[in-house]
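Trainee: build me a structure from this.
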Amino acid sequence: MNALIAELYHLAIWLLLLCAIFIPLERLAGVRRQKIFRRDCLIDLGYFVLNSVFVGLLLGVPLILLGAAIHQLIPSTMLAAIAGLPAAARLALALLVGEIGFYWGHRLSHRIPWLWRFHAIHHSAEAIDFLTNTRAHPVDMAFTRMCGFIPVLALGLPGGSTALTALVLVLGTLWGFFVHANLRWRFGVLEHVIATPFFHRWHHTRDTRREGNYAAMFPFIDSLFGTYRRPDQWPDRYGIDTPMPASLALQLLQPFMPSPRRARRRAGVSGPVAQTAKRRSIDTTTGD
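Mentor: Got it, this is the predicted structure:
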């Protein structure tokens, strides 16, 4: 109980720091003028607490075990070469390797229907600001984090350094809040190298152009795999075309519920009625 109270205390401090950084910046340099306590703000705060407390606890042991298992399959000469690198080089390599792993986990979350059911919750936000970063189903969060961290651990990039591991986590987390922030900042040619809110907002657009810009920190990874998108203007709308439950509890349950399409098939619905139902479906089983 005391450990939980301490964790909630640390989360409160972390949230206050994030608010102190991003709220003034968003008020001064926002893409759009938005309310601080916008609609769904409390739901996003609920995800912030839920994912911070439980995902970390649930992921710790699996990450260590899977990372250690894969570590045994990597040639010892490669591991020795990595271990001999300076800390700064291992940090840069950890960020790059983790980003590539995250990219593919994120891309799969859009392409595999079952994974999209969880990831769609993140894309349901119609008003984007720094707190949108927290809106993620725990299953979605766990999957993408595993894709990012397991390669880093398997290669031994932290090298047993708690400080390096913490730095990778903090940099990745802060950048996640930054790219979701309601900021009109542009980085010019550097936008091909460093992710910005402009880059990531095209991933949240409410059309098929969200099928791109999967990287969190390094857009050149999208360029490498042919998914880089950089239109000339800002998107004009965000979200998904299917309804999302209004409560946190129902959002957490929805990915596990049968989709309307499956329910109709089981009920034997066919013909014009089925076609009409299909057009009105609230099915969220595809990211297209």
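Trainee: where do the helices sit along the stretch 51-200 of the chain?
Mentor: 56-71, 76-83, 87-111, 113-123, 138-154, 162-180, 197-201 (DSSP state H, counting those that start in this stretch).
Trainee: would TSV of those with mean neighbour count, mean pLDDT and distance to L25 be doable?
Mentor: Using the backbone N, CA and C atoms, a C-beta is placed for each residue, glycine as well. As requested, the helices of the stretch 51-200 of the chain are exported to TSV (neighbours: other C-beta atoms under 10 Å; pLDDT from 0 to 100; distance: least, C-beta to C-beta, whole Å):
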stretch	mean neighbour count	mean pLDDT	distance to L25
helix 56-71	13	78	27
helix 76-83	12	89	37
helix 87-111	19	95	23
helix 113-123	21	96	22
helix 138-154	21	91	25
helix 162-180	17	90	10
helix 197-201	22	95	10
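Trainee: tell me which of these sits nearest to L248.
Mentor: Between L248 and those, the shortest gap by C-beta to C-beta is with helix 113-123, which sits at 9.9 Å.
Trainee: which parts of the top helix by length along the chain count as buried, going by neighbours?
Mentor: Across the chain, the longest stretch assigned as helix under DSSP state H is helix 2-29. Buried residues in helix 2-29, defined by neighbour count with 16 or more other C-beta atoms under 10 Å: L15, L18, F22, I23, L25, E26.
Trainee: might you report the residue contacts of A68?
Mentor: L153 (C-beta atoms under 8 Å, 6 or more residues apart in numbering).
Trainee: tell me which residues touch the closest residue to R201 other than its chain neighbours, please.
Mentor: Nearest residue to R201 in three dimensions, chain neighbours excluded: P235, at 5.4 Å (C-beta to C-beta, 6 or more residues apart in numbering). Contact analysis of P235 by C-beta under 8 Å, 6+ apart lists R201, W202, H204, T205, R206, R209.
Trainee: from L17, how far off is P235?
Mentor: Going from P235 to L17 by C-beta to C-beta, to the nearest Å gives 29 Å.
Trainee: and V49, by the same measure?
Mentor: V49 is 15 Å from L17, where distance means C-beta to C-beta.
Trainee: which residue, other than its chain neighbours, is closest to R38?
Mentor: Setting aside the residues directly before and after it, R38 is nearest to A127 in space (C-beta to C-beta, 6+ apart), at 5.1 Å.
Trainee: per-residue pLDDT, the one you found?
Mentor: At A127, the model reports a pLDDT of 90.
Trainee: got the contact list for it?
Mentor: A127 sits next to R32, Q34, R38, R39, D40, Y238 when contact means C-beta under 8 Å, 6+ apart.
Trainee: doesn't the third one lie inside a helix?
Mentor: Same thing as R38. No - assigned with DSSP: H, G, I helix; E, B strand; the rest coil, R38 falls outside any helix and is coil.
Trainee: and the pLDDT for it?
Mentor: Looking at R38, its pLDDT stands at 83.
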